[in-house]
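In: Sequence and predicted structure are below.
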Amino acid sequence: MPPTHRRKPKWFRRTKWHQLLSSLLQEWLIGLDILVQTDFPLSSKSPEADIVLIRNRHKTWNATQRKRLPDGIRDVSAPRVLIEFKYTESANRTAFLQVLSYDTMYRRVHRLKDEELFSFLISSQSPHHETLERLGYQPSVHPGVYFSDHDLMETVGFIDLNKLSDAPHNLIFKCFASRQSEKKKTFQRIHQGQLGRMSDSVYWLLVGLKKHFFPKEELMSDVEELTPEFLIEEGKAWLAQMLPHLPPEFVAQGINVQPFIEQGREEGREEGREEGREEGREEGQEALRQEWMESIRFLQQVLKQPLTSKEELQTWSSEELRQQSVALKQQLLDAQGD
């Protein structure tokens, strides 16, 4: 008998996966002088393309930036990286030529030299070996990363997410691998803390993604499209739902998301001081203020307290925000102990 194929839910078919990847990268790379863009026109006359642009504000990636970039991207010297992300579509010859056309248009419009831009096709689906061979792609020193020796494709790399290694700097991208076994390993490693420090927004996005990648039948959502905003709210809702069933010490870790966030932020500011980057320190402090404000409003919601408006929170000092966040977390722990 022919195999039966289960119809994909609406959210799977209609989701703009490149936007989810872009939103995750925007949060993951915050404060590192890296600009992440998507859905921008390649020229004044062309429609927007489903691509992601990672733009370094410096000439080369520094050590802190490379820790958060995957194999392949972290190895190129170009300050701009154009990504065509294929989640549901095949990485066939047409997809490679499409990336090449994007690379050519963007390079021409912005008058970039060869060394100023490098493009990647990143695919959740593993391509046929013949496709890579015809286009001159050879394996690099990193599993799942390929570069071409063909004259036409030498500025376009390829990353196979199913074969990318499980190194910590690859985990954000590995979340989008098509093989369930690869996805499961990735989320397990993130749960074990291998991703390192992360903001609440990154955590909630990852929780939302995991919920929809590995749903229980009774929890399958009827949503028509996954968006970054929806996933963040799903992550928050999941955490709020789980709180009454968790021991206090685990609740504390769950609310903090990552016990070393503030320690990591301080380390980042220390690196900025050593490098003399005043702007970097200011961005780090502002990012921390935003985390405290989000934490306050979320905890008030969980504790069923009146929400403090964002406008009012903006008037509070950093110390007031920190103290209120700590106080609310303690209230939650006390409530769990009753």
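Out: Now that the structure is in, tell me what you want to look at.
In: Is F85 in a helix, a strand, or coil?
Out: Secondary structure assignment for F85 (DSSP: H, G, I helix; E, B strand; the rest coil): strand.
In: And for the one 5 residues further on?
Out: For S90, the assignment made with three-state DSSP gives coil.
In: quick one: it from V99, how far?
Out: For S90, the distance to V99 equals 13 Å [Cβ to Cβ, to the nearest Å]. Placement of C-beta: from N, CA and C, glycine included.
In: Look at the two and report which has more neighbours.
Out: In this view S90 and V99 are compared by other Cβ atoms under 10 Å, and V99 has more residues nearby, 25 against 15.
In: The more buried one and A91, how far apart?
Out: For V99, the distance to A91 - Cβ to Cβ - is 10 Å.
In: Need the overlap of contacts for these two.
Out: Residues touching both V99 and A91 comprise L121, with contact defined as Cβ atoms under 8 Å, 6 or more residues apart in numbering.
In: hey, what's in contact with both of S90 and V99?
Out: By Cβ under 8 Å, 6+ apart, no residue touches both S90 and V99.
In: quick one: the helices in the stretch 51-200 of the chain?
Out: Taking DSSP state H, counting those that start in this stretch as the criterion, the stretch 51-200 of the chain carries its helices at 63-66, 93-109, 129-134, 171-174, 180-191, 200-213.
In: which residues does W28 contact?
Out: Taking Cβ under 8 Å, 6+ apart, one finds R68, I172, M198, V202 in contact with W28.
In: do that again at 10 Å, thanks
Out: 34, 36, 68-69, 171-172, 195, 198-199, 201-202, 205-206 (Cβ atoms under 10 Å, 6 or more residues apart in numbering).
In: between these, which is closest to P306?
Out: The shortest approach to P306 among these belongs to S201, at 23.3 Å (Cβ to Cβ).
In: what's the neighbour count on that closest one?
Out: Counted with other Cβ under 10 Å, residues neighbouring S201 total 22.
In: And the one 4 residues further on, by the same measure?
Out: Summarising burial for L205: neighbours were counted as other Cβ under 10 Å, giving 25.
In: For it, give its distance to S23.
Out: Shown here: L205 relative to S23, a distance of 7 Å by Cβ to Cβ.
In: before we move on, what about R179?
Out: If you go by Cβ to Cβ, the gap between R179 and S23 works out to 23 Å.
In: Just want to know which of these two has more residues nearby.
Out: Between R179 and S23, counting by other Cβ under 10 Å, S23 is the more crowded of the two (21 against 14).
In: and the angle from the helix or strand where that one lies to helix 200-213?
Out: Using DSSP states H and E, the element containing S23 is helix 17-28. In terms of direction (axes from the mean of the first three to the mean of the last three Cα atoms, to 10 degrees), helix 17-28 departs from helix 200-213 by 150 degrees.
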